[in-house]
Structure formats: structure tokens, C-alpha cells
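Novice: Quick one: sequence plus predicted model below, questions after.
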Protein chains: 2
Amino acid sequence: MQTRRRQIEDVASALFSSRGYAATSMRDIARALDLQGGSLYSHIPSKEAVLAAIVEEAAEDFHAAVRPVAERPGPAAERLREMIAAHVRVVTGGRERAKVFLFEWTFLGEDRRDAVARSRSAYQGYFERVVAEGVAAGELSAPDPKLSAVFILSAMNAIAYWYRPDGALGPDALAGHYAELFLRGLQAHER
Amino acid sequence: MQTRRRQIEDVASALFSSRGYAATSMRDIARALDLQGGSLYSHIPSKEAVLAAIVEEAAEDFHAAVRPVAERPGPAAERLREMIAAHVRVVTGGRERAKVFLFEWTFLGEDRRDAVARSRSAYQGYFERVVAEGVAAGELSAPDPKLSAVFILSAMNAIAYWYRPDGALGPDALAGHYAELFLRGLQAHER
């Protein structure tokens, strides 16, 4: 039963992320699973419920990976580096799921959408707060910590679109580059 | 005639960007324009042709805004600042059109998709090349200019999703923050 639900969510993630939630029907999902439509409904009550399950599990993965690092003491730059690595690992570890979470969640019904919006905002808050803590400690310079958080999250989320597991850069090397770009920018540094 | 086509593209941009290309029908477009389906076909041969028109015009706008700056001589950091400002202005100047260009272009048929992929790659090349020129001149530090270009373009493109014209930051102030984040990172600077 658990396995069947996971299968349904994987197939739905693939369809939602490639053609979009609105253009995918329960019949499409059933067909991709070689199930009769009626049999699919015995596992999952509606297309929105599949979307909700995918989005909520992905949200949990992101929070579980990043929150402990954000809330721990220590230098802000070091924590941001680890948060970036953690976020990139979640994105690259399940790109279809991440794309659905990041870009299709707005198709949820109002109540669920509000809950996801709150969860996303809390998640962005981890980055924003650690940047602000770094500024308060004189360690970082950021006139607008919220915009800094939006900036790095935007750059990382797009990875879901272009990342290829067989490409030249693994998740940790990629995260290292992005952390460097975020924390030190492009200015030439003495060595 | 020109005006009618522009109207069709505006309405299609709104529909494609909110519910997705695949979930929008010619009938939806006709309905939003208060046209009969048949009358819509007298202006535009297919849904894909509308998508192609939107994507191609947006691509021209991006190239026209950024290419002259990229190809001009001068310090790389200064050019990157202007290229970022130009890109952000195109995104914020027509967010629905930008979203369609950035995220729905993959629904084009193969020939057009290949052409757009080449155009996007050339566009990314402006940023990549200016970063590489800055590195060659000893002005910037970037171990991977291509990844730097992907990084800043990803951050800027997400603006199409969250930007509100009535928000606190205008396009130029926003671009200034993003240029600063890209060029100088978050490290604390002496003043």
C-alpha cells in the first residue's frame, strides 16, 4: 500500500513536472501506472490529493535538511554554506518532485495553498535570519537580508530545471560554487 | 490587425503563464477575447504559433537590451551591472510574457524549440563571456564563468514570479541589489 502510493506519487511527479499539473488528468496517471481509473481512486481520492502529498513531502524534506543547520549557533557563513549544500542535495535528489513542489504548488486548493505558502515563507526565513545574524555579528554585509534569501533560493531552485545527474558537477561541488558566488561574489580576491 | 495580434498575444501570455501552455486551448484564448473560435484562426494559425510569437518577441527584447552592453568595451563589472539592469527591466516590464518565454518555451515543436534553445544559449553566452573577460583582465574572480552566468540568470528570471509593480522595490533598485549580490557577494567590506 505504501509502495503503491509512492509509485503513484513518482509517476504523478514526472507528469506534473513535464507537462504541468493542469494538463495532467487522473486518467493520464492511471494509464502511466497501467491501472484502471477506478483502481487509482482506491489509492488516492483526487488529483489534488496527489499534488498535496508530493508538495507536503517535499516541503518536509527541505525543512528537515535546512532547519537544524539554520538554528544551530556558529558563524553565519559556515551555516549558509551547509544550508546551500543541503538545499541543493534535496533539489538534485528528486528533481521532478522538487519541480512540482517549487512550481506547481500554486494549483493546490485554497486551504492547502495557504498552508504551503506559510511553509515556504518559514523556509525562506531560515536563510533570511542567518544572513541577518551574520550582518548583526559584523560578519556579512547585506542591506536587505530578505532579498538575499530570495536571490540564493531562486538560483538554487532553477537547478531542478537544468541539473543532469550524469553532468560534470555533482551536487556538493555545485553547492560549493553557489555558496562561493553567494558569499564572496565575483570580486577579485588576493590569495 | 497588428493590434489584434498583440491583443491575442497578451491574452495568451496571461493564460499560458497562469495555467500553463498545455492546459490552455485555442477555445480558452478565443473566449477570453470574446471571439468565435473560427475568427481566432483567421488571425493566428495555431496555439503553437501564438506561443512561438510570444517567445520570439520576448527573446528579441532580451537580446536587444543586453547584447549591445555585453559587446561594448569597458570594465566587466560595469557592463555586468548594466546587463543585469537591462535583463531585470525586460522581466519586470512584461512578467507574463517573460514567464512564457522562460518556462513554457519547451512546449514548442521541435524545430522552433531548437531555435529557441540556440537563442537562449547565445544569450547566456553574453553573461558568460563578460564574466570570463573580467577574469582575464584580473578584475573578477570566477572559477566557472558559465556557472556564474547560470547563477545570476536563474536569480533574475525568478523575479517574473514574485515581482509586484506596486511593491517596495522598483526594477532599477532591485537590479542594483542583485548586481551587488552577484559582484560582491555577502562578505563584509570595510567602508
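Specialist: Arrived safely. Numbers count the residues shown, from 1 in each chain, chains lettered A, B, ... in the order given.
Novice: going forward, measure contacts and count neighbours with C-alpha atoms only.
Specialist: OK.
Novice: Please list the outside residues in contact with stretch A:150-164.
Specialist: With Cα atoms under 8 Å, 6 or more residues apart in numbering or on different chains as the test, stretch A:150-164 has contacts from A:84, A:87-88, A:91-92, A:95-96, A:98-99, A:102, A:124, A:178, A:182, B:151-156, B:158, B:178.
Novice: Which of these fall in helices?
Specialist: Assigned to helices by DSSP state H, the following of the contacts of stretch A:150-164 qualify: A:84, A:87-88, A:91-92, A:95-96, A:98-99, A:124, A:178, A:182, B:151-156, B:178.
Novice: From residue B:18, how far out is residue A:103?
Specialist: 11 Å (Cα to Cα, to the nearest Å).
Novice: ok, now residue A:161?
Specialist: 19 Å.
Novice: Ok, residue A:57 next?
Specialist: In terms of Cα to Cα, residue A:57 sits 24 Å off from residue B:18.
Novice: So between these two, which is more surrounded?
Specialist: When neighbours are counted by other Cα atoms under 10 Å in any protein chain shown, residue A:57 and residue B:18 differ, and residue B:18 comes out ahead with 16 against 13.
Novice: Which helix or which strand is home to the more buried one?
Specialist: Assessed by DSSP states H and E, residue B:18 sits inside helix B:2-19.
Novice: can you check residue A:148 too?
Specialist: According to DSSP H and E, residue A:148 maps onto helix A:145-157.
Novice: Helix B:145-157 and that helix, what's the angle between them?
Specialist: Here helix A:145-157 runs at an angle of 120 degrees relative to helix B:145-157 (axes from the mean of the first three to the mean of the last three Cα atoms, to 10 degrees).
Novice: Okay, buried residues for the helix or strand that helix A:145-157 is followed by please.
Specialist: Next in sequence after helix A:145-157, counting helices and strands by DSSP H and E, comes helix A:159-162. Judged by neighbour count (16 or more other Cα atoms under 10 Å in any protein chain shown), helix A:159-162 contains these buried residues: A:159-160.
Novice: if you skip the residues just before and after it, what's nearest to the residue of chain A found nearest chain B?
Specialist: Closest to chain B within chain A is residue A:185: 3.5 Å, counting by Cα to the nearest Cα. Closest residue to residue A:185 apart from its sequence neighbours, by Cα to Cα, 6 or more residues apart in numbering or on different chains: residue B:185 at 3.5 Å.
Novice: tell me the phi and psi of that neighbour?
Specialist: Main-chain torsions, residue B:185, degrees, to the nearest 10: phi 60, psi -160.
Novice: Enumerate the residues of chain A near chain B.
Specialist: By Cα under 8 Å from any Cα of the partner chain, the part of chain A that sits against chain B consists of A:19-20, A:22-23, A:135, A:138-142, A:148, A:151-156, A:158, A:178, A:181-189.
Novice: Restricted to buried residues, select those in PyMOL.
Specialist: Per 16+ other Cα under 10 Å, the buried members of the residues of chain A next to chain B correspond to this PyMOL selection:
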select buried, chain A and resi 19+20+22+23+135+139+140+141+142+148+151+152+153+154+155+156+158+178+181+182+183+184+185+186+187+188
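Novice: what comes into contact with the worst-scoring helix or strand of chain A on mean pLDDT?
Specialist: Lowest mean confidence among the helices and strands of chain A (mean pLDDT, DSSP states H and E): helix A:37-41, at a mean of 82. Identification of contacts with helix A:37-41 by Cα under 8 Å, 6+ apart yields A:26-27, A:30-31.
Novice: Just the element for residue A:44, please.
Specialist: Going by DSSP H and E, residue A:44 is not part of any helix or strand.
Novice: For residue A:52, see how far away it is.
Specialist: Taken as Cα to Cα, the span from residue A:44 to residue A:52 is 11 Å.
Novice: Give me the more crowded residue out of those two.
Specialist: residue A:52 (22 against 16).
Novice: Enumerate every residue touching that one.
Specialist: Contacts of residue A:52 by Cα under 8 Å, 6+ apart are A:105, A:108, A:112.
Novice: next one: phi and psi at it?
Specialist: Dihedral angles (degrees, to the nearest 10) for residue A:52: phi -60, psi -40.
Novice: Over to the one 4 residues further on?
Specialist: With angles defined as degrees, to the nearest 10, residue A:56 sits at phi -70, psi -40.
Novice: number of nearby residues for it?
Specialist: Using other Cα under 10 Å, the number of residues around residue A:56 comes to 17.
Novice: can you check residue A:126 too?
Specialist: For residue A:126, the neighbour count with other Cα under 10 Å is 21.
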